[in-house]
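Undergrad: what would the 3D arrangement of this be:
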Amino acid sequence: MMGKTKISKSMASMVAVAALLAALAGCSDDKSTPPPVVHQPVIHQLTDNDVYEANPVYSPDGQWVLFERDVNGNRDLWRMPAAGGTMEQLTTDPGFDTSPDFSPDGTRIVFESDRTGDKNLWVIDLSAASPVPTALTSGAWDDGDPAWSPDGARIAFSSNRSGSQEIWTLAADGSDATQVTYVGTGAYMRTPGWSPLSDALVCEGTPTGLPALYIVTLSDGSLERITPEPGYEGHPDWSPDGTQIAYESTNSGFMEVWVVALDDLASLQVTVDGGYWPRWADDGQSIVFGNYGAGEPNVYVVEVDW
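TA: Numbers count the residues shown, from 1 in each chain. You can find the predicted model right below:
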């Protein structure tokens, strides 16, 4: 059963002071960026246990939350009703099954797995009578962080198959693997998320050294940095209306969920007690995320009320 909490004013004040000090420190190289704002969120706890749970994502219809769960040292995919209820295990392989994402019609799940010894992408067809994972990619490299495009045509992912960790896309049937970024050795690009129009990606990367978020325009491969904060920023996800991007960041001194508005690049901190792996609901009214809580990650939902 979900609990509903609101952070205390004292906790909000401490985080606000930390954010103000970081802004005054002059760490950003973009002086035109407005200072970050701390929000007092309404948060619902979806799971409550001592089992590792991570990378949650809503189903397109908003009825389910899919996530990875580590039971007895083995990570598999599980889902549960978004309103709370009984969990259902979807994979049982001894390998690690992680980082899942739904197809836009909700009938398939793409995920990364090392079940064959190499980390590749796999797909489950939930419409089948007895769903069995099938390999989407294969090779002696690491493919991960899959994200299904809103138009259903392609899947973006990170891979080191070129010699450095870059962003790639491929057709939903596994064909036509295409390299999108070219940052080269010594840098990385990972955790892609699609724009609502399927014409651009937001991802985490280090082209200039420190981790930041970048928008990659698919038509020409150009990169635009959108987060100049001094902390780590990663696992971005584009809002359904295209106006904001949610992400995890240590800008406040702890890993929290933030959003950045694309019209003015103003950033807003939306959790104050820890937050990782944010993903928007398709209706834009909430963000599901993971949190370490009392030693182990659980799954939470924050209302989008700013």
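
Undergrad: quick one: contacts for the residue nearest to Arg69 when sequence neighbours are not counted?
TA: With CB to CB, 6 or more residues apart in numbering as the measure, Trp78 is the residue that lies nearest to Arg69, at 4.5 Å, once sequence neighbours are left out. C-betas here are computed from N, CA, C, even on glycine. Trp78 makes contacts with 53, 66-69, 87-90, as judged by CB atoms under 8 Å, 6 or more residues apart in numbering.

Undergrad: how about Glu53?
TA: Contact partners of Glu53, counting by CB under 8 Å, 6+ apart, are 47, 67-70, 78, 290, 296-299.

Undergrad: in terms of helices and strands, where is it?
TA: With the criterion set as DSSP states H and E, the secondary-structure element containing Glu53 is strand 52-58.

Undergrad: same question, Arg190
TA: Element membership of Arg190, judged by DSSP H and E, is strand 189-194.

Undergrad: again with Ala129
TA: Ala129 belongs to no helix or strand when elements are defined using DSSP H and E.

Undergrad: what number of residues lie near it?
TA: The local packing of Ala129 (other CB atoms under 10 Å) involves 5 other residues.

Undergrad: tell me the spacing between it and Ala147.
TA: Here the distance between Ala129 and Ala147 works out to 28 Å (CB to CB, to the nearest Å).

Undergrad: go through stretch 180-197 and flag the buried ones.
TA: Of the residues in stretch 180-197, those with enough neighbours to count as buried (16 or more other CB atoms under 10 Å) are 180-181, 183, 187-195.

Undergrad: one step back: secondary structure, pLDDT and distance to Asp173 added to the contacts of Glu53, as CSV?
TA: Output for the contacts of Glu53, formatted as CSV (DSSP: H, G, I helix; E, B strand; the rest coil; pLDDT from 0 to 100; distance: CB to CB, whole Å):
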residue, secondary structure, pLDDT, distance to Asp173
Thr47, coil, 93, 34
Phe67, strand, 98, 26
Glu68, strand, 97, 24
Arg69, strand, 95, 28
Asp70, strand, 92, 31
Trp78, strand, 97, 26
Gly290, strand, 96, 31
Glu296, coil, 69, 37
Pro297, coil, 83, 33
Asn298, strand, 93, 35
Val299, strand, 96, 31
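
Undergrad: how about a markdown table for those, with distance to Ser138 added?
TA: What follows is these, written out as a markdown table (distance: CB to CB, whole Å):
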| residue | distance to Ser138 |
| --- | --- |
| Thr47 | 33 |
| Phe67 | 25 |
| Glu68 | 21 |
| Arg69 | 25 |
| Asp70 | 25 |
| Trp78 | 25 |
| Gly290 | 29 |
| Glu296 | 33 |
| Pro297 | 30 |
| Asn298 | 34 |
| Val299 | 31 |
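
Undergrad: and which of these is nearest Ser159?
TA: Within the contacts of Glu53, proximity to Ser159 (CB to CB) peaks at Glu68, which comes in at 19.4 Å.

Undergrad: who's that closest one bridged to?
TA: Partner residues in beta bridges with Glu68: Ala54, Leu77, with DSSP bridges as the criterion.

Undergrad: next: Arg154.
TA: Listed by DSSP bridges, the beta-bridge partners for Arg154 are Ala171.

Undergrad: repeat for the one 4 residues further on
TA: With DSSP bridges applied, Ser158 shows beta-bridge pairing to Gly144, Ile167.

Undergrad: neighbours of it, how many?
TA: Here the count is done by other CB under 10 Å, and Ser158 has 27 residues near it.

Undergrad: pLDDT at it, what is it?
TA: You'll see Ser158 listed with a pLDDT of 98.

Undergrad: same thing with Pro34?
TA: In the prediction, the pLDDT value recorded for Pro34 is 60.

Undergrad: return the residues in contact with the residue in the chain sticking out farthest from the centre.
TA: Distance from the C-alpha centroid of the chain peaks at Ala129, with 29.6 Å (CA atoms, centre = their mean). Under the criterion of CB under 8 Å, 6+ apart, Ala129 has no neighbours.

Undergrad: hmm, who's touching the strand holding Arg190?
TA: Contact with strand 189-194 is made by 144-145, 147-150, 156-158, 165-167, 181, 183, 200-207, 214, 216, 234-238, 245, as judged by CB under 8 Å, 6+ apart.

Undergrad: partners of it, with directions?
TA: Using DSSP bridges, the neighbouring strands of strand 189-194 in the sheet come out as strand 200-205 (antiparallel).

Undergrad: immediately after the strand it pairs with, which helix or strand?
TA: strand 212-217.

Undergrad: and that following strand, how far from the chain's centre?
TA: From the chain centre to the centre of strand 212-217 is a distance of 14 Å (CA atoms, centre = their mean, to the nearest Å).
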